[in-house]
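# here is my input, please return the structure:
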Amino acid sequence: MGIKDVSLEAPLSSPCSSLKSLSIRNCTGFETSSLAMVGKLCPQLQHVDLSGLYGITDAGLLHLLESCVAGLVKVNLSDCLNLTDEVVLALARLHGGTLELLNLDGCRRITDASLVAVADSCVFLGDLDVSRCAITNAGVAALSRAEQLILQVLSFSGCSGVSNKSIPFLKRLGKTLLGLNLQHCNSISSGTVELLVESLWRCFLDTGKSDVMFEPPSTGGVFVAVVHGEFYVWWLSINCL
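As a prediction, the model looks like this:
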């Protein structure tokens, strides 16, 4: 908690060419100037966790993104409240060929434009979390149309703009998904959840619904449901994952 932002005029040490992973979490005094300096000092970063840095802005993070010449692989920006689509567009453009994990949970200014950029530019992205963002059905549709994407874990938790109209897009995404989080998506009905369960029986489907009980699929595999806050898992002997 004692870490404070620094001035860009401060003398810089020689760049660290060996540092690949950096986590700076919940340091409330760490802001834009410090982040820009990190970019200059650590050009080989591949894994970055900046969760909870609500003081950072697009400007500081853009400096970091432009400085990481090795290609970012895992990026966690959860609860960075001031970030906008501009950052995601730059991230997709600069690191879309290497990015495998992106967490934007709680970045409430992130909209469907970010998902369009991800769909257009990210080739290897397998884990995407846009929980509590300003995502709508249009963003889900954009993801579902991306032929190169092979998403395995996807979270829309708390996205009230995702509704029953997204079911055909979620089904299409479900061809590769192993995990789907739809908790607190209040615009999705229990009936839609039932349809999703029938279609995505290979997927770990976390809906947060407490009033629906589902039967395991007859075709075999692993089926998971969340009922009254408890996880129910059926393992069948045919084609088990």
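# assumed residue 22 was part of a helix.
No. Read with DSSP: H, G, I helix; E, B strand; the rest coil, residue 22 is strand and lies in no helix.
# from what I can see it touches residue 47, true?
Yes. Contact between residue 22 and residue 47 holds when scored by CB atoms under 8 Å: they sit 7.3 Å apart. Yep, even glycine has a C-beta here, placed from its N, CA and C like the rest.
# where in the protein is pLDDT low?
Regions of the chain meeting the criterion pLDDT under 70 cover residues 6-13, 201-241.
# in stretch 20-36, which residues are buried?
In terms of neighbour count (16 or more other CB atoms under 10 Å), stretch 20-36 has its buried residues at 22, 24, 27, 30-36.
# OK, contacts around the residue lying closest to residue 16 once chain neighbours are set aside?
Setting aside the residues directly before and after it, residue 16 is nearest to residue 42 in space (CB to CB, 6 or more residues apart in numbering), at 5.5 Å. Contacts for residue 42 were tallied using CB atoms under 8 Å, 6 or more residues apart in numbering; they are 15-16, 19, 22, 67-68.
# just the helices in this protein please.
Taking DSSP state H, the helices of the chain run over residues 32-41, 58-67, 85-95, 112-121, 137-144, 167-173, 190-199.
# turn the ones you listed into TSV, including distance to residue 103.
Below are the helices of the chain laid out as TSV (distance: least, CB to CB, whole Å):
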stretch	distance to residue 103
helix 32-41	17
helix 58-67	14
helix 85-95	12
helix 112-121	12
helix 137-144	16
helix 167-173	18
helix 190-199	23
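# go through those and name the closest to residue 158.
For the helices of the chain, the distance to residue 158 is smallest for helix 137-144, at 13.9 Å, taking CB to CB.
# neighbours of the closest residue to residue 189 other than its chain neighbours, how many?
Spatial nearest neighbour of residue 189, excluding adjacent residues (CB to CB, 6+ apart): residue 164 at 5.8 Å. Residue 164: 14 surrounding residues under other CB atoms under 10 Å.
# touching, residue 164 and residue 192? I think so.
Yes. Contact between residue 164 and residue 192 holds when scored by CB under 8 Å: they sit 4.6 Å apart.
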